[in-house]
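J.: sharing a sequence plus its predicted fold:
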Amino acid sequence: MPVRNRFADLLPEITAWRHDFHQHPELMYDVHRTAGLVEERLTGFGCDEVVPGIGRTGVVGVIKGRSTASGRVIALRADMDALPIHEETGLDYASTTPGKMHACGHDGHTAMLLGAAKYLAETRNFDGTVVLLFQPAEEGGAGAKAMVDDGVMDRWGVQEVYGLHNTPGLPVGHISTRVGGFMASSDEFEIEVTGKGGHAATPHETIDTTLVASQIVVSLHSIVSRNIDPIHRVVLTVGTFETDSTASNVIAHRALLKGTVRTLDTENRKLAEERVRRVAEDTASAFGATAKVTWTAGYPVTVNTATEVAHAVEAARAVCDHVDPEAPPILPSEDFAYMLESRPGAYVFLGNGDTAICHHPAYQFDDSAIPYGCSWFVELCERRMPMDL
């Protein structure tokens, strides 16, 4: 079965929604215009319930099937926020707000879920309940966690949850996913090294924090190569190195390192934190300095559950040109992970064609992907909640 014919008819309308969102990007939780339009459209579609303000500025829509005897409740999620990037696409509908851009395709995700909502509200060809989750602040604000913490799963009795993300480089009409860790956790660390500053001409009278911090950087990179099983994917990166020295002939008293660690399972995530602390503190001690490590836990690993991946793949095969159920994991992070910690579910990648990568000022969402995303959402609901139960 190809994409639903109805979405070919709706494509101009859904595309217009997407272009409007693109022209008016909003950041983090400040998505009031976007959320307001989502609420207005869901109400206009005739959803049984539309509730704003979940997870601060998230919107929930509820659509009941022609029957709800199965008792099954499935949630579908889309993210609404943009990025603090100045757009360089030259599009007729480019961002009208300097320094803000939908450079990750969340405008497309929101438009596709709205398209699916319109279809589901029209047809209601399922036995159960669909809960639509339009969330803010995926880009660093943990909006998914905010919605979960606000009780979205319990309040509407959600049993399983699904989401998608467009993927540049994957052909339009393709979907990929996998069981288990699909996207990485993202943690950050700061290491403040304190020694004894002084004159560059008398290094023996100092504890050179630049030297100590440099040794820490080199030693940190041994964690992945010597403490992590080589078949596992882990990335550790030190992104910044600063000292309080302002001259070439001054040995710094303090140095500050900042970095990130990405892992694909909880065991390696815990081990990485333990090793970063030990390596930093013990290396500094060996030189007579001290190291204070501040660890900030970010998004957890995005873990797809096997049964729900099977459902997602079955639906994808019904509407897409190609489906890869064993796609390799990647090391960017995604706050949909919090929803998957709360309920079983699956996250999939939807092909966006040969475009610039996400988070790039020249990135463009491919509108020809819209019918595939909408059709996948609908197919998933109708297959998981068939009317013949």
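T.: Structure received.
J.: need the pLDDT of the residue nearest the centre of the chain.
T.: By C-alpha atoms, centre = their mean, the mean C-alpha position of the chain lies nearest to residue 334, the distance being 2.3 Å. For residue 334, the model assigns a pLDDT of 96.
J.: with residue 9 instead?
T.: Note on residue 9: pLDDT of 86.
J.: report the secondary structure state of it.
T.: Three-state call for residue 9 (DSSP: H, G, I helix; E, B strand; the rest coil): helix.
J.: what's the distance between it and residue 374?
T.: Distance, residue 9 to residue 374, by C-beta to C-beta, to the nearest Å: 11 Å. (C-beta placed from N, C-alpha, C; glycine too.)
J.: ok so, going back, wait, the residue nearest to the centre of the chain sits on residue 301?
T.: No: taking contacts as C-beta atoms under 8 Å, residue 334 lies outside contact range of residue 301: 9.5 Å.
J.: list residues touching both of those two?
T.: residue 183 (C-beta atoms under 8 Å, 6 or more residues apart in numbering).
J.: where do the helices sit along the stretch 1-150 of the chain?
T.: Taking DSSP state H, counting those that start in this stretch as the test, the helices found in the stretch 1-150 of the chain are 5-23, 32-45, 106-123, 143-149.
J.: packing partners of the first one?
T.: Just to be clear, that refers to helix 5-23. helix 32-45, helix 106-123, helix 370-384 (3 or more C-beta pairs under 8 Å, 6 or more residues apart in numbering; DSSP states H and E).
J.: can I get the ones you listed in CSV with mean neighbour count, distance to residue 72 and mean pLDDT?
T.: Below are these laid out as CSV (neighbours: other C-beta atoms under 10 Å; distance: least, C-beta to C-beta, whole Å; pLDDT from 0 to 100):
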stretch, mean neighbour count, distance to residue 72, mean pLDDT
helix 32-45, 18, 21, 98
helix 106-123, 25, 14, 97
helix 370-384, 25, 7, 96
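J.: just put the ones you listed in JSON lines and tack on distance to residue 236.
T.: JSON lines is the format used below for the helices and strands packed on helix 5-23 (distance: least, C-beta to C-beta, whole Å):
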{"stretch": "helix 32-45", "distance to residue 236": "35"}
{"stretch": "helix 106-123", "distance to residue 236": "28"}
{"stretch": "helix 370-384", "distance to residue 236": "34"}
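J.: residue ranges with poor pLDDT in the stretch 101-250 of the chain?
T.: Along the stretch 101-250 of the chain, no part satisfies pLDDT under 70.
J.: quick check: residue 261 is in a strand.
T.: Yes: counting by three-state DSSP, residue 261 is located in a strand.
J.: give me the neighbour count for it.
T.: 25 (other C-beta atoms under 10 Å).
J.: against residue 273, how distant is it?
T.: Separation of residue 261 from residue 273 (C-beta to C-beta): 7 Å.
J.: what of residue 31?
T.: Remark: distance between residue 31 and residue 273 (C-beta to C-beta) = 32 Å.
J.: which of the two has more residues huddled nearby?
T.: Between residue 31 and residue 273, residue 31 has the larger neighbour count (other C-beta under 10 Å), namely 30 against 17.
J.: need the contact list for the more buried one.
T.: Contacts of residue 31 (C-beta under 8 Å, 6+ apart): 57, 80-81, 136-137.
J.: can you point out the helix or strand that includes residue 240?
T.: Assigned by DSSP states H and E, residue 240 belongs to strand 234-243.
J.: residues contacting residue 277?
T.: So residue 277 contacts 293, 295 (C-beta under 8 Å, 6+ apart).
J.: and it, what's its pLDDT?
T.: pLDDT, residue 277: 98.
J.: shouldn't it be within a strand?
T.: No: Residue 277: not assigned to a strand; according to three-state DSSP it is helix.
J.: show me where the stretch 151-300 of the chain has its helices.
T.: Counting by DSSP H, counting those that start in this stretch, the stretch 151-300 of the chain has helices at residues 152-155, 209-220, 222-227, 266-286.
J.: okay, those in TSV with distance to residue 87 next?
T.: As requested, the helices of the stretch 151-300 of the chain are arranged in TSV below (distance: least, C-beta to C-beta, whole Å):
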stretch	distance to residue 87
helix 152-155	32
helix 209-220	35
helix 222-227	35
helix 266-286	35
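J.: out of the ones you listed, deepest packed?
T.: Mean neighbour count (mean count of other C-beta atoms under 10 Å) peaks for helix 209-220 among these, with a mean of 21.
J.: helices or strands up against it?
T.: For helix 209-220, the packing partners by 3+ C-beta pairs under 8 Å, 6+ apart are strand 185-194, strand 234-243, strand 254-263, helix 266-286.
J.: can you lay out those as a markdown table showing distance to residue 85?
T.: Shown next, in a markdown table, are the helices and strands packed on helix 209-220 (distance: least, C-beta to C-beta, whole Å):
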| stretch | distance to residue 85 |
| --- | --- |
| strand 185-194 | 19 |
| strand 234-243 | 18 |
| strand 254-263 | 19 |
| helix 266-286 | 28 |
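J.: ok, back up a step: joint contacts of residue 261 and residue 273?
T.: In terms of C-beta under 8 Å, 6+ apart, residue 261 and residue 273 are both contacted by the residues 187, 189.
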